[in-house]
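Colleague: turn this into a structure:
(one chain, ligands or ions: 2)
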Amino acid sequence: MIQVLSVTSECVPFVKTGGLADVAGALPTALAQQDVRVRTLLPGYPAVMKSLVKAAPVLRFDTVFGGPARVLEATCGGLDVLVLDAPHLFDRPGNIYLGPNGADWPDNAERFAALSWVAAQIGLQGAQTWRPDVLHCHDWQAGLAPEYLRAAGSALPCVMTVHNIAFQGLTPALNPARLKLDPDRFSADAYEFYGKISALKAGLMAADWLTTVSPSYAAELMTPEFGMGLDGVLRHRANRLRGILNGIDTAVWDPITDPEIKTFKSLRGKAHTKAALRTEFGLPVSAGPLCVVVSRLTEQKGLDLLLGALPNLLNRGGQLIVLGSGDPKLEAGFRAAAKHSQVAVHIGYDEAMSHRLIAGGDAILVPSRFEPCGLTQLYGLRYGTLPLVGLTGGLADTVINASPAALDRGVATGIQFHPVGDTALRTALDHLCDLWSQPDVWRKMVRNAQKQPVGWDRSAAAYAELYREALTS
Ligand code: ADP
Ligand code: GLC
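Modeller: Residues are numbered from 1 along each chain as shown. Ligands and ions are numbered 1, 2, ... in the order given. Now for the predicted structure:
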């Protein structure tokens with residue numbers, strides 16, 4: 001059995017701001033079927049500390065980045081966790097990354113350097129009797145861990161996964177030792193990036209294997225258009241980069257057992273769920289498709305484009321329900337759009353409501369400008385809520401576009417549009433309404449969508465295979 005230490009800044013069921021938490025929370029259970037045992041190292045935010053049951057200290061440090069710290073071990077939420085209890089860094093209310101003013105905490109570099117440094121210590125000395133065979137680091141918050149290990153002369157196999165290259169953990173390089181980094185390694189071959197320290201680049205250079213969360217995003221990352229300045233680094237390491245598609249937790253996202261759904265075993269069941277959703281949001285019955293969005297409201301997600309293209313849906317009797325929060329301008333834009341009688345908007349974060357939207361909608365809209373993988377289109381497939389998506393990253397890899405050929409062969413599962421922009425989105429919404437007006441075609445697509453494998457099995461096997469390679473190469 002391979003022992004893996006997974007290092008992440010968020011993890012379901014403890015704390016979540018996006019899909020990283022879903023992946024970090026679901027992958028360990030899937031890997032258990034592959035003879036891999038995962039322990040997950042997490043920061044001890046208040047929400048994490050509160051959920052711990054029977055936690056036992058396994059490591060103590062007099063000082064870690066300005067205060068005492070311990071690592072607690074527990075089994076809870078279905079996971080084996082190691083929690084970095086460092087109140088001076090993590091005992092703060094609200095969003096895990098942002099202070100009360102909505103900006104990043106000024107010491108985020110130190111907070112996540114601490115997480116990475118402790119991960120490296122566990123790699124070097126173990127946590128009591130347990131030692132990892134492989135370190136698996138997620139995103140920039142864990143990116144310095146492989147660098148600390150290499151600087152200490154350790155060859156412990158490391159895998160670095162990029163969930164989103166837009167976040168790189170950049171910080172001024174005035175004093176690398178402040179982050180416990182070796183100043184002699186401040187170079188382009190390690191953690192230096194255009195004169196700054198980049199935690200993500202550190203991981204990309206020092207890890208043995210790099211992965212990202214879809215094959216298409218792996219290819220995109222090596223281009224200037226999507227690599228966000230790190231494309232050269234990724235091209236340099238191309239033979240060590242793999243795209244492994246995310247899955248979803250099919251126990252949590254299960255249309256048959258979902259507690260938010262009353263009856264859902266057939267399309268008739270869907271009609272009931274849709275009616276309940278319309279009632280909940282005060283929308284009238286309408287002849288067009290009911291579209292839903294569940295998303296962070298950010299530039300990445302392309303939802304500004306949807307605001308512009310909305311008439312193409314509404315003029316055909318379509319409706320829209322949006323659940324999301326983020327950029328104040330987008331929030332205001334959707335609030336204004338909700339003045340239309342066929343549009344409803346809930347600004348906020350609500351897990352239970354997200355299930356009701358995805359279950360009751362006819363289509364889920366994900367017009368992202370870039371999308372490393374994306375999870376909501378996968379939920380949509382499983383619930384027969386057809387995805388309309390930008391042709392990019394994981395959205396390209398998981399949806400089969402309703403092209404004439406795919407419709408002829410009866411394999412289509414959704415709609416993809418390209419290039420991701422206003423005109424193509426308008427055309428895609430028109431296409432959606434055309435398909436909706438052909439009930440047999442729509443039903444066939446729903447059946448295809450629900451047959452797609454969206455669980456973790458295949459991808460967990462791919463990670464297990466990678467860990468084995470990392471151990472032997
Ligand atoms: P990203 O990680 O870029 O935000 P993903 O599609 O991978 O995108 O994951 C987003 C996750 O967050 C999904 O599980 C989605 O359902 C959830 N989510 C996003 N916004 C909300 C919201 N407002 N309320 C509830 N869940 C949300
Ligand atoms: C990131 C990406 C998203 C991906 C998620 C989990 O937040 O934006 O596309 O699904 O990570 O890997």
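
Colleague: give me the neighbour count for the nearest residue to residue 150 once chain neighbours are set aside.
Modeller: The spatially closest residue to residue 150, leaving aside those adjacent along the chain, is residue 206, at 4.8 Å (C-beta to C-beta, 6 or more residues apart in numbering). Backbone N, C-alpha and C define where each C-beta goes, glycine included. Look at residue 206: counted by other C-beta atoms under 10 Å, it has 23 neighbours.

Colleague: residue 206 reaches residue 154, doesn't it?
Modeller: No - because the distance of 10.4 Å does not satisfy C-beta atoms under 8 Å, residue 206 is recorded as not touching residue 154.

Colleague: mind listing the shared neighbours of the two?
Modeller: Counting by C-beta atoms under 8 Å, 6 or more residues apart in numbering, residue 206 and residue 154 have no contacts in common.

Colleague: tell me which parts of the stretch 351-473 of the chain are close to ligand 2?
Modeller: For the stretch 351-473 of the chain, the residues in contact with ligand 2 (C-beta under 6 Å from any ligand atom) are 371, 372, 373, 374, 375, 394.

Colleague: in JSON lines, list these along with neighbour count and pLDDT.
Modeller: JSON lines is the format used below for those (neighbours: other C-beta atoms under 10 Å; pLDDT from 0 to 100):
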{"residue": "371", "neighbour count": "31", "pLDDT": "98"}
{"residue": "372", "neighbour count": "29", "pLDDT": "98"}
{"residue": "373", "neighbour count": "26", "pLDDT": "98"}
{"residue": "374", "neighbour count": "30", "pLDDT": "98"}
{"residue": "375", "neighbour count": "24", "pLDDT": "98"}
{"residue": "394", "neighbour count": "28", "pLDDT": "98"}
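
Colleague: sort out for me which of these are in helices.
Modeller: residue 394 (DSSP state H).

Colleague: quick one on the thing from earlier: for the residue nearest to residue 150, give me its contacts.
Modeller: With contact taken as C-beta under 8 Å, 6+ apart, residue 206 is in contact with 146, 147, 149, 150, 158, 160, 190.

Colleague: distance of the second one relative to ligand 1?
Modeller: Using C-beta to the nearest ligand atom, to the nearest Å, residue 147 is found at 25 Å from ligand 1.

Colleague: do the last one as well
Modeller: Relative to ligand 1, residue 190 is positioned 28 Å away (C-beta to the nearest ligand atom).

Colleague: tell me who's in contact with that residue.
Modeller: Residue 190 is in contact with 147, 150, 202, 205, 206, counting by C-beta under 8 Å, 6+ apart.

Colleague: likewise the third one?
Modeller: When the contact criterion is C-beta under 8 Å, 6+ apart, the partners of residue 149 are 120, 123, 124, 135, 156, 158, 206.

Colleague: if we can go back for a sec, need the contacts of residue 206 in CSV (columns: secondary structure).
Modeller: Formatted as CSV, the contacts of residue 206 follow (DSSP: H, G, I helix; E, B strand; the rest coil):
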residue, secondary structure
146, helix
147, helix
149, helix
150, helix
158, strand
160, strand
190, coil
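
Colleague: out of these, who's near ligand 2?
Modeller: Within the contacts of residue 206, nothing lies near ligand 2 by C-beta under 6 Å from any ligand atom.

Colleague: tell me the one among these nearest to ligand 1.
Modeller: The closest of these to ligand 1 turns out to be residue 160 (C-beta to the nearest ligand atom; 17.6 Å).

Colleague: so what's whichever residue of the chain sits closest to ligand 1 up against?
Modeller: Closest approach between the chain and ligand 1, counting by C-beta to the nearest ligand atom: residue 19, at 2.2 Å. By C-beta under 8 Å, 6+ apart, the residues touching residue 19 are 163, 246, 373, 374, 375.

Colleague: looking at the residues you listed, which are in strands?
Modeller: Per DSSP state E, strands hold no members of these.

Colleague: tell me where the stretch 201-350 of the chain has helices.
Modeller: 215-221, 224-227, 231-236, 267-281, 303-314, 328-337 (DSSP state H, counting those that start in this stretch).

Colleague: my bad, should have said the stretch 1-150 of the chain
Modeller: Going by DSSP H, counting those that start in this stretch, the stretch 1-150 of the chain shows helices at 19-32, 46-51, 87-90, 108-125, 144-151.

Colleague: ranking those by burial, who's on top?
Modeller: Among the helices of the stretch 1-150 of the chain, the stretch with the highest mean neighbour count (mean count of other C-beta atoms under 10 Å) is helix 144-151, at a mean of 26.

Colleague: just the endpoints, please. Distance across stretch 378-390?
Modeller: This stretch, stretch 378-390, spans 14 Å end to end (C-alpha to C-alpha, to the nearest Å).

Colleague: if you look at it, does any of it touch ligand 1?
Modeller: No - against ligand 1, stretch 378-390 shows no contacts by C-beta under 6 Å from any ligand atom, the least distance being 6.6 Å.

Colleague: excluding chain neighbours, give the residue nearest to residue 28 in space.
Modeller: Spatial nearest neighbour of residue 28, chain neighbours left out: residue 38 (3.8 Å); criterion: C-beta to C-beta, 6+ apart.

Colleague: and the pLDDT for that neighbour?
Modeller: According to the prediction, residue 38 has pLDDT 98.

Colleague: same thing with residue 102?
Modeller: 89.

Colleague: between the helices of the stretch 201-350 of the chain, which gets nearest to ligand 2?
Modeller: helix 215-221 (7.8 Å).

Colleague: by contact count, what packs against that closest one?
Modeller: Counting by 3 or more C-beta pairs under 8 Å, 6 or more residues apart in numbering; DSSP states H and E, the packing neighbours recorded for helix 215-221 are strand 209-212, helix 224-227, strand 241-243, helix 393-398.

Colleague: what does it rub up against?
Modeller: So helix 215-221 is contacted by 162, 165, 211-212, 226-227, 230-231, 234, 241-243, 245, 370-373, 392-394, 396-397 (C-beta under 8 Å, 6+ apart).

Colleague: residue 307 and residue 326, how far apart?
Modeller: Look at residue 307 and residue 326: by C-beta to C-beta, to the nearest Å, they are 14 Å apart.

Colleague: could you check which of those two is surrounded by more residues?
Modeller: Per other C-beta under 10 Å, whichever of residue 307 and residue 326 has more neighbours is residue 326, with 17 against 14.
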